[in-house]
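[1] For reference, the sequence and a predicted model appear below.
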Amino acid sequence: MSTYKDILQYGSKFSLNLYQSPNETLSDLKHFSHLWKPYNPRKKPGREGLSLYSLDGGFTGVPDLDSVKEYCIENKVRLNEMSFNQPTEAADYVRTYTDPFDGHVGRSHVIRMQPGGMFPPHRDHGGPRGSVDVFRLFVPLKNCNPPSMWFCLEDKPLFFEHGRAYFINTLQEHTVFAVYDCSFLVFNIEINDKTVMKLINHMSST
């Protein structure tokens, strides 16, 4: 059975050969401009989300754009990243990234950040008893490189090609800070033999 460690032998960040024009993606997502919601409204402002995979295929953002951990505590329910496996209508426009992992895509969304918006230093912890059930893909769409936006993994700033998918080891401490308006996609993919093999097969050759 494949594990997160099988992925990490290739590095903490690597690019995939999954690409589509970021301008095209942003243009397509304008159809849903009225459906953006505050991202994790309990925390600092300056972040909005648009659901791609949610609990019911809807755009309420509850609780996929909230703190799932805090929501579960307050409502006495048990949810994990793969509980949010129903695609919204917006998911049709990002299938370049999800088709290789069809049937194994969990909580996923578009995030846009205003100047000053940030994700403070944090780690995306695994599941019960330290297990890690998903890996994370990041797709930069707009202004995701320094000095417009700083995505730092540990103490290292990351640089991206917009429109290309990347694996990032978000178990490591990371910070995101927006200097200008920026947008990106985040996908959670279930870890199993099939998806890990697909991920490896889609690694960029250069």
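    Looks like it arrived, so ask away. Numbers count the residues shown, from 1 in each chain.

[2] Tell me which residues touch residue 202, please.
    With contact taken as C-beta atoms under 8 Å, 6 or more residues apart in numbering, residue 202 is in contact with 16, 17, 18, 100, 165. Any C-beta I mention is one placed from the backbone N, CA and C, and that applies to glycine too.

[3] and it, what pLDDT?
    Per-residue pLDDT puts residue 202 at 98.

[4] Spatially nearest residue to it, not counting backbone neighbours?
    Ranked by C-beta to C-beta, 6 or more residues apart in numbering and with sequence neighbours excluded, the top spatial neighbour of residue 202 is residue 16, at 4.5 Å.

[5] State the helix or strand in which that neighbour lies.
    Under the criterion of DSSP states H and E, residue 16 resides in strand 13-19.

[6] Report the buried residues of that strand.
    Applying a neighbour-count criterion of 16 or more other C-beta atoms under 10 Å, the buried positions in strand 13-19 are 13, 15, 16, 18, 19.

[7] Might one say that the second one is in contact with residue 168?
    If I follow you right, that is residue 15. No: with the criterion set as C-beta atoms under 8 Å, residue 15 and residue 168 do not qualify as a contacting pair; they are 10.3 Å apart.

[8] in the protein, which residue is closest to the centre?
    The centroid of the chain falls nearest to residue 186 when counting by C-alpha atoms, centre = their mean (1.6 Å).

[9] Quick check: next helix or strand after the helix or strand encompassing that one?
    Of the helices and strands defined by DSSP H and E, residue 186 is found in strand 182-190. Scanning the chain past strand 182-190 towards its C-terminal end, the next helix or strand to appear is helix 193-201 (assignment: DSSP H and E).

[10] elements contacting that following helix?
    Based on contacts counted as 3 or more C-beta pairs under 8 Å, 6 or more residues apart in numbering; DSSP states H and E, the elements that helix 193-201 packs against are helix 4-8, strand 134-142.

[11] ranking the ones you listed by burial, who's on top?
    strand 134-142 (a mean of 22; mean count of other C-beta atoms under 10 Å).

[12] From the chain's centroid, how far away is it?
    Its chain's C-alpha centre lies 5 Å from the corresponding centre of strand 134-142 when counted by C-alpha atoms, centre = their mean, to the nearest Å.

[13] Could you pull out the helices in the protein for me?
    Along the chain, the stretches classed as helices by DSSP state H are 4-8, 22-29, 68-75, 95-98, 193-201.

[14] Let me know which of the ones you listed is tucked in deepest.
    Counting by mean count of other C-beta under 10 Å, helix 95-98 has the highest mean neighbour count of the helices of the chain, with a mean of 19.

[15] any chance of the helices and strands packed on helix 193-201 in a markdown table, with mean pLDDT and distance to residue 196 too?
    Rendered in a markdown table, the data for these read as follows (pLDDT from 0 to 100; distance: least, C-beta to C-beta, whole Å):
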| stretch | mean pLDDT | distance to residue 196 |
| --- | --- | --- |
| helix 4-8 | 95 | 6 |
| strand 134-142 | 98 | 8 |
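
[16] No further queries at this time; thank you.
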